[in-house]
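Colleague: whatever this is, show me its structure:
(one chain, ligands or ions: 1)
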Amino acid sequence: MMKANLKKIMAAALIAAMAFLMAACGGDDQDGEEGGNVPTYTAVTEATFPPFDTVDEDGNVIGFDMDLMNAIAEDQGFKVTYTDMEFDSLIPAVQAGNADMITAGMNAEDEARREKVDFSDTYYDSGLVVVVKEDNETITGIDDLTADMKVASQIGTTGADSVNGLFNDGKIKEAVILNGFDTCMLQLINGDVSAVIIDKPVAQAYINKQADKVKMVGETLNAESYGFAVQKGNTELLDKINAGLKNMKENGTYDKLVEKWFN
Ligand code: ARG
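Modeller: Residues are numbered from 1 along each chain as shown. Okay, here's the model as predicted:
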C-alpha cells in the first residue's frame, strides 16, 4: 500500500519534471525569448585564419573570435552558433539575412564593406605583411616583388586587394587568389608562389608553429582593425555586441583571451 502510493507520487513528480524540462528546452532559437530562453544568433566565419578562426579536431569552429563573441554573448544574454564558409560569402550571407553576424577577423575600416554591413566597435588592430619561404634571400620586402613572380592571398580579403593591386600595377606576374589561407601557405612552402600577403598576427601564429618554413619580411603594409559585422540597420544586435565588448575589455576577459590565443 505504502509502496504503491510512493510509486504514484514518484511517477507524477517525474512527469512534472519532464514537462518542465521540455518547456525549458523548446524553441531555442531567435524568437526563443518566450519561455525564459535566451536568443540564439547565427555567426559565419572562414576558418583558415588561426588564431582568430580555425577548427578543432572534431571540426568545431574555434578561435579568439569565437571565445570573444561567446563571452560577449554570455554577458548580454544570448547564444551564438558558428558556421564556416568562404570569406567572400560572409558579407552576402549577412546581407541576405542568412546569418546574423560575421566573426572573421574582418577589417571594419573598409568603405566598400561599410556600405553593405554595419560593423561593431573594433576589437583588434592588425595589418598586412609579406611572407616568404624561410630560405628566401632575395625578397626583403614588398618592393622586391618582381614581374616574374606569383603572389597569393585569400579571396575577398584585404590581402587579396593588395595582391590584385600589385598585379594591376604590373609589379607581379600573377595574383593567385585562393579560397583558404592554409592553401596559400602550402603553395608558398611548395614553391608555387613567391610570397603570400596575409594579416600579421596570423603570419606570426603560423611561424610560431612552423618556425623553419616561412618568415615575414619588410614593413607592415597597412593598418586595419577588426570588427564584428551585422546586417545594415540591426542596431538591436549591434548595441548588444558593443556593450558586451566594452564590458569584456573592462573586466579583463579580453586580455585573458589575448593571452590564451596569442602566446
Ligand atoms: N583582415 C583581412 C580582411 O579583413 C583578412 C580576414 C580573413 N579572415 C578569415 N577569417 N579568413 O580582409
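Colleague: contacting residues around stretch 73-85?
Modeller: The contact list for stretch 73-85 (CB atoms under 8 Å, 6 or more residues apart in numbering) reads 28, 38-47, 53, 55, 61, 66, 69-70, 93, 99, 101, 103, 240-241, 243-244, 247-248. (C-beta placed from N, C-alpha, C; glycine too.)
Colleague: what's around residue 77, how many residues?
Modeller: By the measure other CB atoms under 10 Å, the count of residues near residue 77 is 11.
Colleague: am I right that residue 243 falls within a helix?
Modeller: Yes: membership of residue 243 in a helix is supported by DSSP: H, G, I helix; E, B strand; the rest coil.
Colleague: the closest residue to it other than its chain neighbours and residue 84, how far apart?
Modeller: Spatially, and ignoring its direct neighbours in sequence, residue 243 is nearest to residue 76 (6.3 Å; CB to CB, 6 or more residues apart in numbering). Going from residue 76 to residue 84 by CB to CB, to the nearest Å gives 24 Å.
Colleague: the ligand contacts on the stretch 51-200 of the chain?
Modeller: Residues of the stretch 51-200 of the chain lying close to the ligand by CB under 6 Å from any ligand atom are 53, 87, 104, 105, 106, 107, 154, 157, 158, 181, 199.
Colleague: can you redo those residues as a markdown table with neighbour count and distance to residue 146?
Modeller: A markdown table is the format used below for these (neighbours: other CB atoms under 10 Å; distance: CB to CB, whole Å):
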| residue | neighbour count | distance to residue 146 |
| --- | --- | --- |
| 53 | 25 | 32 |
| 87 | 25 | 28 |
| 104 | 27 | 32 |
| 105 | 26 | 30 |
| 106 | 28 | 31 |
| 107 | 24 | 27 |
| 154 | 28 | 22 |
| 157 | 25 | 23 |
| 158 | 23 | 22 |
| 181 | 26 | 23 |
| 199 | 27 | 24 |
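Colleague: just the ones in helices from those, please.
Modeller: When those are checked against helices (DSSP state H), the matches are 87, 158, 181.
Colleague: of those, closest to residue 139?
Modeller: Set against residue 139, the nearest of those by CB to CB is residue 181 (18.9 Å).
Colleague: ok, the closest residue to the closest one other than its chain neighbours - contacts?
Modeller: Excluding the flanking residues, the one nearest residue 181 by CB to CB, 6+ apart is residue 48, at 4.6 Å. By CB under 8 Å, 6+ apart, the contact list for residue 48 reads 54, 154, 180, 181, 182, 183.
Colleague: and whatever helix or strand the last one lives in, what's buried?
Modeller: With secondary structure defined by DSSP states H and E, residue 183 is part of helix 181-190. With burial defined by 16 or more other CB atoms under 10 Å, the residues of helix 181-190 counted as buried are 181, 182, 183, 184, 185, 187, 188.
Colleague: give me the neighbour count for residue 116.
Modeller: 14.
Colleague: hmm, residue 93 and it touching each other?
Modeller: No: using CB atoms under 8 Å, residue 116 makes no contact with residue 93, being 11.2 Å away.
Colleague: now the residue most central in space within the chain, nearest residue through space, not along the chain?
Modeller: Taking CA atoms, centre = their mean, the centroid of the chain lies closest to residue 104, which sits 2.4 Å from it. Leaving aside its sequence neighbours, residue 104 sits nearest to residue 45 (CB to CB, 6+ apart; 4.3 Å).
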